[in-house]
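Peer 1: Test case, fold it:
(2 chains)
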Amino acid sequence: MTWFRKRPAPPPLTREAALALKPVPHREVRAAAQPSGDLLLVYPLRLPPWMAQLAQRLGGRQTVGATRKLQLDELGSRTWQLMDGYRSVRDIAQALSTQYRLPQAEMELAVSRFLRELGRRGLIGLR
Amino acid sequence: MGGGSARMPETAGAEVETTIGWAGVRLRVPHRWEVAWVGHDHLLLGEDGQPRVEFKSARITGAFRLDRHLRALGRRPRGAAIAYQTMPVPANWRPLVASYRAGAFTWRSARHAGRGLLLFCPCCQRATLLQFYHHRDPDERLVERVLGSFAAHPAGGWNLVALFDIRCEIPVRFDLGDFRFEPGSFRLTFHCRATRFTFHRWGPADALLRRMDLPLLAASAGLLGPEAPAPRRPSPEAAQWFWQDRAAGPLRALWRRTSPTAHYLKVWRAAAANRILAVRLQAPAQGPEPLFEELCQRYDVVPQTTGASPPDA
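Peer 2: Okay, here's the model as predicted:
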């Protein structure tokens, strides 16, 4: 029985390879500057089709055009501003590390976690 | 977590070195070696994702039989991931560990191999298992240099903790409770009987202090009890508190049976390093102020000279 053979998982990324990835903001995400200087990300709400249908049948709000918001803090805002599709995760971490005088490796970890969270919400892609 | 490696850069010959202190052990290692894993009494240092040296250390109560422990290492239990084989201490290592009782071994796992030492300090009753990872071409002089810097003795009754960018000294009688090294927030707690103190480190200070001042930061970090008074501000860059827990009622007082607990807290900004440091001490109210003052004096952060990779001389 080879029909249901599981496709082998791709090998995990090495730290070097992960840091060389370049984050790209999703084109539908709008970043609005707040009076404090921090950014507010506004992005379209995307429900899985079955959930959207269910919501519609149950008479819920129309989900098309609905948006969600994410308030970034200072470091998050600066990271978002540095994401231009050309800078790698390492470049961004290095720029922040220089600006805020934090250890490079600590900043790499902080940036990686932040990008993972943004990726989980579908706000960025990595190339 | 990962972490930077800006601990007291010192030059040894052509290479920049830093001092690492953890679990009662001090080592001087190349600056490019980073902390790869921190355990309660365990530390692994690596370089570019490759492990370089690892140690486990423990204070021994009672007699310590080095040969028995070495034999136990050599007996490979079924399913053990690492195979150890004892060997005589290499001649070039002997003078470096002369003040310890030492036994040497080679070890091999599925992915790595190397040599190591089991060291026991009879003065401070501390046993340390030190393992070097050998890659294609082991740098024998580097191994000797690292081994030569090994110290498991407290200096003047104080153990050094120097990891990432923080450096603090702890009285020997205190044991590590819990610790957390998260990006932007470090915390280390030590305790001895009813006395407990915690070191905190946050960063970047300028970003944090743009939103709140030091007292608000201390409150948001949960460092202030409900009975904490207004802070004393010895300088605009520091805030200090002292308060005592009063028993809320006769039952609680009976339950505690002891004197009220004294709380000391100091939060200050290390401006040069752009970090915020805090020390919080909790003790039975029997005048632990000198200890608190000394802990604050012995706690510091090593500023980053640059955000880039550590310099190679």
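Peer 1: Show me where the stretch 51-200 of chain B has its strands.
Peer 2: B:83-87, B:101-108, B:113-121, B:126-133, B:158-163, B:166-171, B:175-182, B:185-192, B:195-202 (DSSP state E, counting those that start in this stretch).
Peer 1: now chain A
Peer 2: Using DSSP state E, the strands of chain A run over residues A:23-25, A:30-33, A:39-44, A:67-71, A:124-126.
Peer 1: which residues does residue A:89 contact?
Peer 2: When the contact criterion is CB atoms under 8 Å, 6 or more residues apart in numbering or on different chains, the partners of residue A:89 are A:18-23, A:108, A:111-112, A:115. In short, each C-beta sits where N, CA and C put it, glycine included.
Peer 1: ok, 10 Å please
Peer 2: Under the criterion of CB atoms under 10 Å, 6 or more residues apart in numbering or on different chains, the neighbours of residue A:89 are A:18-23, A:79, A:83, A:108, A:111-112, A:114-115, A:126.
Peer 1: quick one on the thing from earlier: which one, of the strands of chain A, ends up nearest to chain B?
Peer 2: Proximity to chain B (CB to the nearest CB) singles out strand A:67-71 among the strands of chain A, at 12.3 Å.
Peer 1: Can you name every helix or strand that the closest one contacts?
Peer 2: Other elements packing on strand A:67-71 under the criterion 3 or more CB pairs under 10 Å, 6 or more residues apart in numbering or on different chains; DSSP states H and E are strand A:30-33, strand A:39-44, helix A:74-82.
Peer 1: Including mean pLDDT, distance to chain B and mean neighbour count, could those go into a markdown table?
Peer 2: Shown next, in a markdown table, are the helices and strands packed on strand A:67-71 (pLDDT from 0 to 100; distance: least, CB to the nearest CB, whole Å; neighbours: other CB atoms under 10 Å in any protein chain shown):
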| stretch | mean pLDDT | distance to chain B | mean neighbour count |
| --- | --- | --- | --- |
| strand A:30-33 | 91 | 15 | 13 |
| strand A:39-44 | 91 | 14 | 18 |
| helix A:74-82 | 93 | 4 | 19 |
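Peer 1: so can I have JSON lines of those showing distance to residue A:66?
Peer 2: Formatted as JSON lines, the helices and strands packed on strand A:67-71 follow (distance: least, CB to CB, whole Å):
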{"stretch": "strand A:30-33", "distance to residue A:66": "14"}
{"stretch": "strand A:39-44", "distance to residue A:66": "7"}
{"stretch": "helix A:74-82", "distance to residue A:66": "22"}
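Peer 1: now the helices: where do they sit in the stretch 1-150 of chain B?
Peer 2: For the stretch 1-150 of chain B, applying DSSP state H, counting those that start in this stretch gives helices covering B:66-74, B:140-148.
Peer 1: Single out the most deeply packed of the ones you listed.
Peer 2: For these, the largest average neighbour count (mean count of other CB atoms under 10 Å in any protein chain shown) is found in helix B:140-148, namely a mean of 17.
Peer 1: Now that one: average pLDDT?
Peer 2: The average of the pLDDT scores along helix B:140-148 is 90.
Peer 1: and the angle for it with strand B:126-133?
Peer 2: With axes from the mean of the first three to the mean of the last three CA atoms, to 10 degrees applied, the angle from helix B:140-148 to strand B:126-133 works out at 160 degrees.
Peer 1: now for helix B:140-148, which elements pack on it?
Peer 2: strand B:10-12, strand B:15-22, strand B:25-30, strand B:50-59, strand B:113-121, strand B:126-133.
Peer 1: repeat that with 8 Å
Peer 2: Identification of packing neighbours for helix B:140-148 by 3 or more CB pairs under 8 Å, 6 or more residues apart in numbering or on different chains; DSSP states H and E yields strand B:25-30, strand B:126-133.
Peer 1: nearest to residue B:218, of those?
Peer 2: strand B:25-30 (31.1 Å; CB to CB).
Peer 1: least trustworthy helix or strand in chain A by mean pLDDT?
Peer 2: When each helix and strand of chain A is scored by mean pLDDT, DSSP states H and E, helix A:49-57 comes last, with a mean of 78.
Peer 1: I'd like the distance from stretch A:93-111 to the chain centre, please.
Peer 2: In terms of CA atoms, centre = their mean, to the nearest Å, the centre of stretch A:93-111 is set 18 Å apart from its chain centre.
Peer 1: for stretch A:90-97, same thing?
Peer 2: Averaged C-alpha coordinates place stretch A:90-97 at 16 Å from its chain's average position (CA atoms, centre = their mean).
Peer 1: Contacts only, for residue 123.
Peer 2: Answering for chain A, as no chain was given. Residue A:123 neighbours (CB under 8 Å, 6+ apart): A:25-26, A:29, A:41, A:43, A:70.
Peer 1: meant chain B, my bad for not saying
Peer 2: Listed by CB under 8 Å, 6+ apart, the contact set of residue B:123 reads residue B:153.
Peer 1: Distance check, it against residue B:175.
Peer 2: For residue B:123, the distance to residue B:175 equals 19 Å [CB to CB, to the nearest Å].
Peer 1: try residue A:67
Peer 2: Per CB to CB, residue A:67 is found 52 Å from residue B:175.
Peer 1: Then residue B:61?
Peer 2: Distance of residue B:61 to residue B:175, computed by CB to CB: 13 Å.
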